[in-house]
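# attaching a predicted model along with its sequence, questions to come.
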Amino acid sequence: MNYGTVIPALVTPFTADGEVDAARAGELARRLVDGGADGVLVGGTTAESPTLTEDERLRVLAAVLEAVGDRVFVWAGTGTNDTAASIALTRRAQAAGAHGVMLVTPYYNKPPQEGLYRHFRAVAESTDLPVMIYNVPGRTSQNVAPETLARLAEVPNVVAVKEASGQLDQVSAIRRLAPHLLVYSGDDSLTLPILAVGGVGVVSVAAHIVPGELARMVRAFAAGDVRTAEAIHRRLFPLCKALFVTTNPIPVKLALRLTGFDAGGCRPPLCDPSPAEAEAVRTALAELGLLRA
């Protein structure tokens, strides 16, 4: 099964009055797949999922499936900090046609490792879709330990982890304890280092802007052309950092607008970037010759 190697974590386009623009999401998905992405994630952190209703998530999923579902693997973010709610949303996403689901670590309630294991296992067993675990302790306050991931990898449809702990040692430990579990980088600036310790790709913010270059980097590394992969990594590194100069997805929505695709602003409590933050994004795009506005 080809789950994708460069998977944009799709932003949610909003209209001027703050409503979800599902048709625009489909347009964006087509743009990114045409540009080189070989997978798409709908309803992740970058989608502002905490401020989306279930129905809004499913409308965007339906639009993206219609736009690119016959071309690439479409993941749906269905994780919450409530096991029962996660199961319900996962079942709705499967009924809507999602190809796989991504489950974020339960946030705020901060379950222990055993609670994490039981949560992820219960959701995975509620579906026959492939499951990707999303470990992002900077957002959730809890790290999914490699030992817990190794236990979860024994569940037949738990196939991957999006690893956004920022710790290469953790990736190495996951690869050692669960060598058949696919590891995706959850931090664009760490994609190449994660590939070097056994990762397979990236669930990406930067792929909204440079999907083709990221795809070339992953392919070059897989082909053993480390020199080319490292050159692309160095070229894109300032952009990867600029896209996290403040809370994601604030910078990437600005970057999309500056490169010719307006996806609207962010929903409160997120806000516009400061002038200094906006200038950092503009500078990184200008260095790559990508500014259109």
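Sure, I can see it.
# how about the helices of the chain, start to end?
22-35, 54-68, 83-96, 113-124, 137-140, 146-152, 168-177, 191-196, 211-222, 226-242, 250-258, 275-287 (DSSP state H).
# list of residues touching the second one?
Yep, that's helix 54-68 we're talking about. 10, 12, 20, 22-23, 25-27, 29-30, 33, 40, 42-43, 47, 49, 52, 74, 76-77, 89, 92-93, 96-98 (CB atoms under 8 Å, 6 or more residues apart in numbering). Quick note: C-beta positions are derived from backbone N, CA and C, even for glycine.
# next one: the fourth one
Residues external to helix 113-124 that are found in contact with it (CB under 8 Å, 6+ apart): 78-79, 83, 86-87, 90, 101, 103, 105-106, 111, 131, 133, 142, 144-145, 147-148, 151-152, 155, 157-158.
# then it to CSV, C-alphas only?
This file holds the C-alpha atoms of helix 113-124, laid out as CSV (Å, rounded to 0.1, in the frame of the first residue of the first chain):
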residue,chain,number,x,y,z
GLN,A,113,1.1,5.5,28.8
GLU,A,114,-1.3,2.7,29.5
GLY,A,115,-4.2,5.1,28.9
LEU,A,116,-2.6,6.2,25.6
TYR,A,117,-2.3,2.6,24.6
ARG,A,118,-5.9,1.7,25.4
HIS,A,119,-7.1,4.8,23.6
PHE,A,120,-5.3,4.3,20.4
ARG,A,121,-6.0,0.6,20.4
ALA,A,122,-9.8,1.1,20.9
VAL,A,123,-10.0,3.6,18.1
ALA,A,124,-7.9,1.4,15.8
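# return the set of buried residues in stretch 43-63.
43-49, 52, 56-63 (16 or more other CB atoms under 10 Å).
# now swap in stretch 264-278 and tell me
For stretch 264-278, the neighbour count (16+ other CB under 10 Å) marks 264-266, 270, 273, 277-278 as buried.
# distance check, A215 against D38.
A215 is 7 Å from D38, where distance means CB to CB, to the nearest Å.
# likewise for V197?
22 Å.
# who has more neighbours, these two?
Per other CB atoms under 10 Å, whichever of V197 and D38 has more neighbours is D38, with 20 against 16.
# in the chain, which helix or strand is least confident?
Using mean pLDDT, DSSP states H and E, helix 137-140 stands out as the lowest-scoring helix or strand of the chain, at a mean of 95.
# can you give me the offset of that helix from its chain's centre?
14 Å (CA atoms, centre = their mean, to the nearest Å).
# using JSON lines, lay out the helices of the chain together with distance to A16.
What follows is the helices of the chain, written out as JSON lines (distance: least, CB to CB, whole Å):
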{"stretch": "helix 22-35", "distance to A16": "12"}
{"stretch": "helix 54-68", "distance to A16": "17"}
{"stretch": "helix 83-96", "distance to A16": "27"}
{"stretch": "helix 113-124", "distance to A16": "36"}
{"stretch": "helix 137-140", "distance to A16": "28"}
{"stretch": "helix 146-152", "distance to A16": "42"}
{"stretch": "helix 168-177", "distance to A16": "41"}
{"stretch": "helix 191-196", "distance to A16": "34"}
{"stretch": "helix 211-222", "distance to A16": "27"}
{"stretch": "helix 226-242", "distance to A16": "26"}
{"stretch": "helix 250-258", "distance to A16": "13"}
{"stretch": "helix 275-287", "distance to A16": "19"}
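# ok, which of those helices comes nearest V6?
Across the helices of the chain, V6 has its closest neighbour in helix 211-222 (4.8 Å, CB to CB).
# buried stuff in that closest one?
Across helix 211-222, burial judged by 16+ other CB under 10 Å covers 211, 213-218, 220-221.
# quickly check the buried residues of stretch 43-63 for the two that are furthest apart.
T45 and A62 (20.5 Å).
# that older thread, buried among the contacts of helix 54-68? Make that a ChimeraX selection.
Applying 16+ other CB under 10 Å to these leaves a buried subset, and the ChimeraX line that selects it is:
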select :10,12,20,22,25,26,27,29,33,40,42,43,47,49,52,74,76,77,89,92,93,98
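# what sits against Y134?
Y134 makes contact with 44-45, 77, 79, 102-105, 161-162, 164, 186, 203, according to CB under 8 Å, 6+ apart.
# now those residues in CSV, with distance to L258 and pLDDT?
Shown next, in CSV, are those (distance: CB to CB, whole Å; pLDDT from 0 to 100):
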residue, distance to L258, pLDDT
G44, 22, 97
T45, 22, 96
G77, 26, 98
G79, 31, 97
M102, 28, 98
L103, 33, 98
V104, 29, 98
T105, 32, 98
V161, 32, 98
K162, 27, 98
A164, 25, 97
G186, 24, 98
V203, 23, 98
